[in-house]
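Colleague: Sequence and computational prediction follow.
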Amino acid sequence: MNKKPVLILLLSFLALTVIDIAKAATIPSASLDKNTYLAGQTGYVSVSVYNDKSEKIRVTELSVTINYYYTDGTVYVQKFFPASNTLPDEIPAGETETYQIAISLPTNIAPGYINPRIDASTELWRPQSDSWSYSDHPSYTNLKLYVESPYKQSYETSQQQLQEQKTANQNLNNNVNMLAVTTIVFAAAAASLMFWVFTRRTRPIPQP
């Protein structure tokens, strides 16, 4: 028996199976809730998972991995996950679901850019066997997180306070000037009134 055709058919079947599995789910986009973060700040990452299969899938795992440096140069890796009641979650065929993952940065994190990595695990529904089977492990790395320098933050805060102080001083000067003008106007009015009253009282009565 010639085993070559059988082997070719088997390899073709495996290739189709791999392709079918590889395209079960993707992470088309992810975004952060802020453009700039400060040391010790919290936030969240919004992750979209797309089901491009003809059957429903369910997301069983989802994580955000952040590799960052402390100010002393120490490297630290931390993983963040969705809330415990979020997964597993089913996504109908052809639809996208968005998940939020809370993150928190250490107070002594070094400033600069960080590239978080997002990973997911999904299962595909098999109606033939009425069961779930492992489907895909999509990832997303096109995300940049920027941590601002505390010195820049202090400088911007001091500049803001200086501007607020200038504005307050300007408002105070305007109020003082307005009060001075108002006082002069009232003084002039009072002087005119007193002069009018005085002249009326001292005018001689004409004799018949």
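Modeller: Noted; the coordinates are in hand. Numbers count the residues shown, from 1 in each chain.
Colleague: which residues in the chain form helices?
Modeller: With DSSP state H as the definition, the chain shows helices at residue ranges 4-22, 150-202.
Colleague: Quick one: mean pLDDT over the first one.
Modeller: Meaning helix 4-22. Computed over helix 4-22, the mean pLDDT rounds to 47.
Colleague: Could you tell me the least trusted of the helices of the chain?
Modeller: Ranked by mean pLDDT, the helices of the chain end with helix 4-22 at the bottom, a mean of 47.
Colleague: Which of the residues in stretch 34-46 are classified as buried?
Modeller: Within stretch 34-46, the residues that count as buried by 16 or more other CB atoms under 10 Å are 37, 38, 39, 44, 45. To be clear about C-beta, it is placed using only N, CA and C from the backbone, and glycine gets the same treatment.
Colleague: per the record, what domains does the chain have?
Modeller: Structural domains assigned to the chain are 24-148, 152-201, following automatic domain parsing.
Colleague: Over the top strand by length along the chain, what's the mean pLDDT, rounded is fine.
Modeller: Of all the segments assigned as strand in the chain under DSSP state E, the longest by residue count is strand 57-69. The predicted model assigns strand 57-69 a mean pLDDT of 95.
Colleague: buried stuff in that strand?
Modeller: For strand 57-69, the buried set under the neighbour-count rule, 16+ other CB under 10 Å, comprises 57, 58, 59, 62, 63, 64, 66, 68, 69.
Colleague: Determine the set of other helices and strands touching that strand.
Modeller: Under the contact definition 3 or more CB pairs under 8 Å, 6 or more residues apart in numbering; DSSP states H and E, strand 57-69 sits against strand 42-51, strand 75-80, strand 89-91, strand 96-104, strand 112-114, strand 117-126, strand 131-136.
Colleague: mind listing what the residue positioned nearest the centre of the chain touches?
Modeller: Most central in the chain under CA atoms, centre = their mean is residue 33, positioned 1.2 Å from the mean C-alpha point. Under the criterion of CB atoms under 8 Å, 6 or more residues apart in numbering, the contact list for residue 33 reads 43, 44, 45, 46.
Colleague: if I pick the second one, what's in contact with it?
Modeller: This means residue 44. The contact partners of residue 44, by CB under 8 Å, 6+ apart, come to 32, 33, 100, 101, 102, 103.
Colleague: farthest pair in the residues you listed?
Modeller: By the measure CB to CB, 32 and 102 form the most distant pair in the contacts of residue 44, at 11.7 Å.
Colleague: out of these two, which sits in the more crowded spot?
Modeller: Regarding residue 32 and residue 102, a neighbour count based on other CB atoms under 10 Å identifies residue 32 as having more, with 18 against 14.
Colleague: give the contact list for that one.
Modeller: If you count contacts by CB under 8 Å, 6+ apart, residue 32 has them with 43, 44, 45, 46, 143, 145.
Colleague: While we're on it, how confident is the model there?
Modeller: 98.
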